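Undergrad: Below are the sequence and a predicted model; questions follow.
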Amino acid sequence: MPAWETCEIVIETVRGGGFFGGSRLRWVARKITTSGVEVIATSDEFKMGPSDDENAKATHNKLVAHLAYEGWEPAADAGGQVTLMKRRIGEQSAQATTSADLLQQLANLRSAGILTEQEFRAKKAEILKRI
């Protein structure tokens, strides 16, 4: 039976918004190791306010797509957003995976609503260019 490692995706405040609001946030993917918590990826910062939900979602999806490229796959979600990802221990990079596997992972992310059709096509073109 394969051994799995997991990472959680959480949101953290980079800078508070102060009196006028507009906090700066980012998504963080982290895993628990024997030596503590290891941050494995972070998203770009984004502003969070009443009209910024789409930006937060797009930034989250970009981080999930990056993790999928690194061999991680969704393991749990809440409210349509991936909160936990897993990968087999030893699969450190999708570069060791076949192009067909990468294309399947991208298709799965598109089907799950994590990637838009446009993001899917762009990544697909990148992969096919390397063949």
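TA: Received it, and whenever you're ready, just let me know what you need. Since the structure is predicted, the reported quantities are computational estimates derived from the model, not experimental observations.
Undergrad: Could you pull out the buried residues of whichever strand or helix holds residue 118?
TA: Using DSSP states H and E, residue 118 falls within helix 117-130. Within helix 117-130, the residues that qualify as buried are 119, 120, 123, 124, 127, counting by 16 or more other C-beta atoms under 10 Å. The way it works is simple: take the backbone N, C-alpha and C, and place the C-beta from them, glycine included.
Undergrad: mind putting those in CSV, distance to residue 56 included?
TA: What follows is those, written out as CSV (distance: C-beta to C-beta, whole Å):
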residue, distance to residue 56
119, 16
120, 20
123, 21
124, 25
127, 27
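Undergrad: Run through this structure and note the low-pLDDT ranges.
TA: Scanning the chain with the threshold set as pLDDT under 70 gives 1-2, 16-22, 49-51, 90-97.
Undergrad: give me the number of residues near residue 109?
TA: 24 (other C-beta atoms under 10 Å).
Undergrad: tell me the secondary structure for the closest residue to it other than its chain neighbours?
TA: Distances taken as C-beta to C-beta, 6 or more residues apart in numbering place residue 115 nearest to residue 109, at 4.5 Å, with adjacent residues excluded. Secondary structure, DSSP: H, G, I helix; E, B strand; the rest coil: residue 115 is coil.
Undergrad: And residue 115, how close does it get to residue 69?
TA: To residue 69, residue 115 is 11 Å away according to C-beta to C-beta, to the nearest Å.
Undergrad: can you check residue 102 too?
TA: 7 Å.
Undergrad: Also residue 11?
TA: For residue 11 relative to residue 69 (C-beta to C-beta), the value is 21 Å.
Undergrad: the more surrounded of these two?
TA: residue 69 (19 against 15).
Undergrad: Okay, that one and residue 127: tell me how far apart.
TA: On the measure of C-beta to C-beta, residue 69 and residue 127 end up 9 Å apart.
Undergrad: Need the overlap of contacts for those two.
TA: residue 102 (C-beta atoms under 8 Å, 6 or more residues apart in numbering).
Undergrad: Looks like residue 109 contacts residue 124 (just checking).
TA: No - with contact defined as C-beta atoms under 8 Å, residue 109 does not reach residue 124; the gap is 11.1 Å.
Undergrad: Noted, bye for now.
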